[in-house]
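**Student:** return a 3D structure for these sequence lines:
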Amino acid sequence: MKNHRLTHAQQEFCRRIVAGDTQADAYVSAYPKAAAWQKGNVRTQASKLARRPYIRTTVAEMQQAKTEAVIVERVRTLKEIARLALFDPRGVVHMDGPNKGRFKTLDELDERTAAGVASYKIGQDGSIEYRFHNKVAALEQAAKHLGLFERDNEQKKDPLASLLAGLAGNVVGVAKDLATAINIPDDEED
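**Tutor:** Okay, here's the model as predicted:
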């Protein structure tokens with residue numbers, strides 16, 4: 001890619017491939033006139049373009065960047081969930097010194113404590129009222145991510161399916177001839 005400058009259409013083709021379009025759909029997005037072509041011709045031209053080394057390199061680089069962006073976003077999300085789950089509300093109060101017991105103003109909160117604050121209100125008398133994010137919801141999200149509910153999910157399986165699975169291979173079939181199975185003679189009279 002460093003030695004080859006992509007056209008706007010080639011860049012669009014690469015972006016559409018990375019976005020999940022088929023080669024043919026990406027080609028038509030990049031080259032709108034191709035929409036009037038026969039589908040076989042579009043697929044052929046799209047395949048030829050996709051095989052070019054600088055296109056393959058560009059697509060690979062874009063996919064790598066997309067993957068890294070997704071990973072970074074997931075890490076940020078998990079860190080935020082952890083901050084909410086591990087939030088300690090004592091951080092909104094001065095714990096020592098001359099202001100001991102007084103609520104901190106928003107600008108006095110450290111970053112970890114501020115993350116747990118959903119909203120705040122300052123009264124006319126200067127009193128401060130904080131509302132916090134739902135810690136239980138954050139803990140549940142963290143537990144789901146860590147797979148801590150897997151055992152619980154096992155307990156919630158369909159009881160009938162569990163019974164049938166437990167019986168598999170352990171059930172003796174029904175007798176073909178019910179009279180034989182319960183020893184009723186054929187010549188029994190009323």
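**Student:** buried ones in stretch 109-123?
**Tutor:** For stretch 109-123, the neighbour count (16 or more other CB atoms under 10 Å) marks 109, 113-117, 120 as buried. Glycine gets a C-beta too; all of them are placed from N, C-alpha and C.
**Student:** what's the pLDDT at the closest residue to residue 16 other than its chain neighbours?
**Tutor:** Closest residue to residue 16 apart from its sequence neighbours, by CB to CB, 6 or more residues apart in numbering: residue 26 at 3.5 Å. Looking at residue 26, its pLDDT is 97.
**Student:** which strands and helices sit next to the host helix or strand of residue 55?
**Tutor:** Using DSSP states H and E, residue 55 maps to helix 53-85. Judged by 3 or more CB pairs under 8 Å, 6 or more residues apart in numbering; DSSP states H and E, helix 53-85 is in contact with helix 8-19, helix 39-51, helix 111-115, helix 135-146.
**Student:** mean pLDDT and distance to residue 61 added to those, as CSV?
**Tutor:** As requested, those are exported to CSV (pLDDT from 0 to 100; distance: least, CB to CB, whole Å):
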stretch, mean pLDDT, distance to residue 61
helix 8-19, 96, 9
helix 39-51, 96, 15
helix 111-115, 88, 34
helix 135-146, 85, 29
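**Student:** quick one: closest of those to residue 83.
**Tutor:** Nearest of these to residue 83, taken as CB to CB: helix 111-115 at 4.3 Å.
**Student:** what's that closest one in contact with?
**Tutor:** 80, 83-84, 87-88, 91-92, 104, 106 (CB atoms under 8 Å, 6 or more residues apart in numbering).
**Student:** rewinding a little: closest to residue 73 out of the helices and strands packed on helix 53-85?
**Tutor:** Proximity to residue 73 (CB to CB) singles out helix 135-146 among these, at 14.0 Å.
**Student:** could you find the closest non-adjacent residue to residue 50?
**Tutor:** Among residues not flanking residue 50 along the chain, residue 23 sits closest, at 5.1 Å (CB to CB, 6+ apart).
**Student:** my error: substitute residue 56 in the last question.
**Tutor:** Using CB to CB, 6+ apart, the nearest residue to residue 56 is residue 50, at 7.2 Å.
**Student:** check contacts around the one you found.
**Tutor:** Taking CB under 8 Å, 6+ apart, one finds 13, 17, 23, 56, 59 in contact with residue 50.
**Student:** next, count neighbours for residue 27.
**Tutor:** Using other CB atoms under 10 Å, the number of residues around residue 27 comes to 28.
**Student:** what sits against it?
**Tutor:** Residue 27 is in contact with 13, 34, 42, 45-46, 49, counting by CB under 8 Å, 6+ apart.
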